[in-house]
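Novice: after the sequence you'll find the predicted model.
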Amino acid sequence: MKKINILYSLIIFFLITVIINNNHIFKKTFKIIKKESYSKRIENTYGYCKGSSVGYLRFIKEKFKLNINPKIINFAITPPLDWSIYDLNLNKDESKIILLNYKKDFNYIFTKQKINSWVFKDIIQNTKSINKIKFKTVNNDDTFLNGTLNLYKINSNWKYSSGKKDLIYKKKINQIVNSNPIIIDFKTKKFNSYFGSFLIEFENLKNNNLDNIQSIILNSNNYINIENYKIINQDKDCYYVSSRN
Amino acid sequence: MYLQEISLILLQVIFIYLFFNNTIISSKILGKIESIKNFTNIDFIIINIIIFLNLLILISIFSINSMYFFYLYVLLILLTLSKDFIKKIKINFSYKNIIILFLVFILSLDLAYTLELGWDTQWFWYLKALNFYQDQNFSNLKNLPIKAYPHLGPYIWGFFWKFPFGNFEYLGRIVYIFFYTLAIFSFSEILKINNHLKYIFSLIIIIATYKYDLFNGDSDILMFIFLLFAAKFTYYLYQSKKNQLLLILVLLGIANILIWIKYEAAFFILFLISSIFVCNKIINKKNKIVMITSFFFLILFKVSMLWVLDMPMIDDKSFGLQETMYFNFDEFYYRITNILFFIFVFLVQSPIYLLTLPLMIISIRLLKANPLNITILLFTFIFFSFTIFAYFFKVDQIVFQLRFSMGEFLFSASGIYLLVFANFLNTYLLKGKKTYN
């Protein structure tokens, strides 16, 4: 009986060791004790000025001893980040803005799916216009195109080939296309999607040079122009700004 | 260098254990209830948890300052202890409790290191917890995202974040780990095997189910935990002819907690209670009626409280109710095949379902008219019908929804399926061994 109990105890010990080992508990404990403070771990998890950029948000909160809740806009795809510095006892101040992963403009690369379809399947947020169209051709060759470019929004990310198509932009093209951009400056809020995808197709083609087009890049200017704001703090692509008025 | 943080985690674990290990009800009162004599030490801890959380529901909706409640509750525990004499203080450091505390501690270290909150947690759960941590009242939830989502999960988190140390947010989430470990060890107590084997069973379940993501602040894990508690007391209901009313009360206490944790949790416990109502021949009619009417009273209580406090019942934006109304039946085949595909995928990925569903099919043949087995079969039928129905009428991003929520949805109900294993083991494999009652 005693031997069986020892055997059971050994099995229990082994299973606990498995739990510790599977979850790297020793390594994590050592890091907590010796190397990484709570703030450092938060930064490792969420990034300083990358991805969620919670490290930068906490830095701003501490450095400027914020007595308001600033507006937070992250141009990377993350959940809302209010949680990281929000204080429910303070008021919101929309004139103070923290911009994370800010870029002046964004490129959305549509990859080729079929001979006459290019798809963008990722999330697009915060765009208010489509400003330029660029074409990536085989060997960067010039390619003459004569037809109409149609940009559709598809209601599903997973059914881009058969989902419901909603035409959001149409442009007649009759020119040589290459990496030089075609300026369009088309204002639209429809070029935003969380669950959906976007599709480009040509119609009424007078020639057949589509084989040459590897990808199509739509470029959107950031709807926030940093020059309209007073920069209080900047670190790489992260800014703490206030409106000028 | 940061040894202080480890000490804080250890103290939080010990505090939570002591907090729930002692009751606010005098042992004189408890001693008068006959059936309680059959309860294990962990059963008492669960009952303390149920009492505390039901009080917490009232404290939160009536916006009573949590600090007053905390000190009053601790005072009541101390008073009860002093009445029952110091010698009866239950700091029961048995072999089992040491294993539980040690596991809670090491899993808390994982929590403290990883820190990552889930998408929904960052979006709205955290802010709800913060609402209570920063002493904002219940109606302030209206100013936060997804205002109609049930608040009890984050309130528990906010409460233990604030008390006793009021420091790192993850200290509040340690209570989820405590409940989780306790629920698994508690369930193993109904197996008619020796204690060592029960511990081994519990550890295997933890190895099979534990992952950090369960504790990323989402309330899904609480559904798993409280349904596992419910599973244990359901088992008791099928074993004991005496004092069923007490067991029904415990089950209703758990049901009330689930109703305030998540919408789907209210459905899951309704399915379980309905299945018990139909299949349990041991409970007399009067008690059955008490059970089902009390449950609907609890639902009515929640609805009327939200109505009185002018709180929204359903967040129609996040549920896409309008889109659901315009559902296109042309998608029937597309939807049904995807739902069945993802159900299959997530069932195969879940060790609990992988073990218990085949066992349930075997049990149909071997256990035949076993009432508990029939109850679980009925629950399974209702549960999977509900799952298919609920996803069928989700708004148009069905594959996205299935891919990212079906796993958690199925996991949260999987605790109940451990009953299949327990029933099979106790009824078929270990016939005639001593049981509860």
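Specialist: Sure, I can see it.
Novice: okay, CA-based contacts and neighbour counts for the rest of this
Specialist: OK.
Novice: hang on, A:Phe106 is in a strand, isn't it?
Specialist: Yes: assessed by DSSP: H, G, I helix; E, B strand; the rest coil, A:Phe106 belongs to a strand.
Novice: quote the end-to-end distance of stretch B:387-403.
Specialist: With CA to CA, to the nearest Å as the measure, stretch B:387-403 spans 14 Å from end to end.
Novice: residue ranges in the chain under the pLDDT threshold?
Specialist: If you meant another chain, say so; for now it's chain A. A:1, A:156-163, A:245 (pLDDT under 70).
Novice: that answer is for a different chain, and I need it for chain B
Specialist: B:1-3, B:27, B:31-35, B:84-93, B:316-330, B:395-396, B:432-437.
Novice: name all residues that make contact with B:Asn423.
Specialist: Residues in contact with B:Asn423 (CA atoms under 8 Å, 6 or more residues apart in numbering or on different chains) are B:Leu372, B:Asn373.
Novice: quick one: is stretch A:31-39 near chain B?
Specialist: Yes: Stretch A:31-39 reaches chain B (CA under 8 Å from any CA of the partner chain) through A:Ile32, A:Ile33, A:Lys34, A:Lys35, A:Glu36, A:Ser37.
Novice: can you pull the residues of chain A lying near chain B?
Specialist: A:5, A:8-9, A:11-12, A:15-16, A:18-20, A:23-25, A:28-29, A:32-37, A:41-42, A:45-46, A:78-81, A:83, A:88-89, A:156, A:158, A:195.
Novice: apply 7 Å and report the result again.
Specialist: A:8, A:12, A:15, A:19, A:23, A:25, A:28-29, A:32-34, A:37, A:41-42, A:45, A:79-81, A:83, A:88, A:156, A:195 (CA under 7 Å from any CA of the partner chain).
Novice: about what we covered before: of the residues of stretch A:31-39 next to chain B, buried ones?
Specialist: By neighbour count, with 16 or more other CA atoms under 10 Å in any protein chain shown, the residues of stretch A:31-39 next to chain B hold A:Ile32, A:Ile33, A:Glu36, A:Ser37 as buried.
Novice: tell me the one of those residues nearest B:Thr114?
Specialist: A:Ile32 (10.4 Å; CA to CA).
Novice: mind checking how far the closest one is from A:Tyr48?
Specialist: Distance from A:Ile32 to A:Tyr48, counting by CA to CA: 19 Å.
Novice: and for A:Leu88?
Specialist: Taking CA to CA, one finds A:Leu88 at 24 Å from A:Tyr48.
Novice: any idea how far A:Lys187 is from the residue of chain A at minimum distance from chain B?
Specialist: The nearest approach of chain A to chain B comes at A:Ile33, 4.6 Å away (CA to the nearest CA). Per CA to CA, A:Ile33 is found 54 Å from A:Lys187.
Novice: try B:Ala413
Specialist: Distance of B:Ala413 to A:Lys187, given as CA to CA: 48 Å.
Novice: list buried residues within the residues of chain A next to chain B.
Specialist: A:8, A:12, A:15, A:19, A:23, A:25, A:28-29, A:32-33, A:37, A:41-42, A:45, A:79-81, A:83, A:88, A:156, A:195.
Novice: next secondary structure after the longest helix along chain A?
Specialist: Longest helix of chain A, by residue count under DSSP state H: helix A:2-22. Next helix or strand after helix A:2-22 toward the C-terminus (DSSP states H and E): helix A:25-30.
Novice: isn't A:Lys128 up against A:Asn192?
Specialist: No: using CA atoms under 7 Å, A:Lys128 is not in contact with A:Asn192; the gap is 8.2 Å.
Novice: dump the residue contacts of the residue most central in space within chain B.
Specialist: The centroid of chain B falls nearest to B:Phe226 when counting by CA atoms, centre = their mean (1.7 Å). By CA atoms under 7 Å, 6 or more residues apart in numbering or on different chains, the contact set of B:Phe226 is B:Ile254, B:Leu258.
Novice: same thing but 10 Å
Specialist: Residues near B:Phe226 by CA atoms under 10 Å, 6 or more residues apart in numbering or on different chains: B:46, B:50, B:179-180, B:183, B:232, B:251, B:254-255, B:257-258, B:261, B:265, B:269, B:412-413, B:415-416.
Novice: also near chain A: which of the residues you listed, exactly?
Specialist: Among those, no residue sits close to chain A (CA under 10 Å from any CA of the partner chain).
Novice: quick one: what helix or strand has A:Ile133 in it?
Specialist: Element membership for A:Ile133 (DSSP H and E) is strand A:129-137.
Novice: keeping just the C-alphas, turn that strand into PDB.
Specialist: Presented in PDB, the C-alpha positions along strand A:129-137 are these (Å, rounded to 0.1, in the frame of the first residue of the first chain):
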ATOM      1  CA  SER A 129     -10.000  58.900 -49.600                       C
ATOM      2  CA  ILE A 130      -8.200  57.000 -52.300                       C
ATOM      3  CA  ASN A 131      -5.400  59.300 -53.700                       C
ATOM      4  CA  LYS A 132      -3.200  57.300 -56.000                       C
ATOM      5  CA  ILE A 133      -3.200  54.100 -58.000                       C
ATOM      6  CA  LYS A 134       0.100  52.300 -58.700                       C
ATOM      7  CA  PHE A 135       0.800  49.200 -60.800                       C
ATOM      8  CA  LYS A 136       3.500  46.600 -60.100                       C
ATOM      9  CA  THR A 137       4.300  45.000 -63.500                       C
END
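Novice: what's the offset of that strand from the middle of its chain?
Specialist: In terms of CA atoms, centre = their mean, to the nearest Å, the centre of strand A:129-137 is found 19 Å from the chain centre.
Novice: can you list the domains in chain A?
Specialist: Domain assignment for chain A by automatic domain parsing gives A:2-35, A:46-102+A:227-243, A:105-221.
Novice: which SSE is B:Ile200 in?
Specialist: Going by DSSP H and E, B:Ile200 is part of helix B:195-209.
Novice: output the helix or strand that that helix is followed by as CSV, nothing but the C-alphas.
Specialist: Later in the chain than helix B:195-209, the nearest helix or strand by DSSP H and E is helix B:220-239. This file holds the C-alpha atoms of helix B:220-239, laid out as CSV (Å, rounded to 0.1, in the frame of the first residue of the first chain):
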residue,chain,number,x,y,z
ASP,B,220,-15.8,32.7,-20.8
ILE,B,221,-13.7,30.9,-18.2
LEU,B,222,-16.2,31.8,-15.5
MET,B,223,-18.9,30.0,-17.5
PHE,B,224,-16.7,26.9,-17.6
ILE,B,225,-16.0,27.1,-13.8
PHE,B,226,-19.6,27.7,-12.7
LEU,B,227,-21.0,25.1,-15.0
LEU,B,228,-18.5,22.7,-13.5
PHE,B,229,-19.7,23.6,-10.0
ALA,B,230,-23.2,23.1,-11.3
ALA,B,231,-22.2,19.7,-12.7
LYS,B,232,-21.0,18.6,-9.3
PHE,B,233,-24.2,19.6,-7.5
THR,B,234,-26.2,18.1,-10.3
TYR,B,235,-24.5,14.8,-9.6
TYR,B,236,-25.4,15.1,-5.9
LEU,B,237,-29.0,15.7,-6.9
TYR,B,238,-29.0,12.3,-8.6
GLN,B,239,-27.4,10.5,-5.6
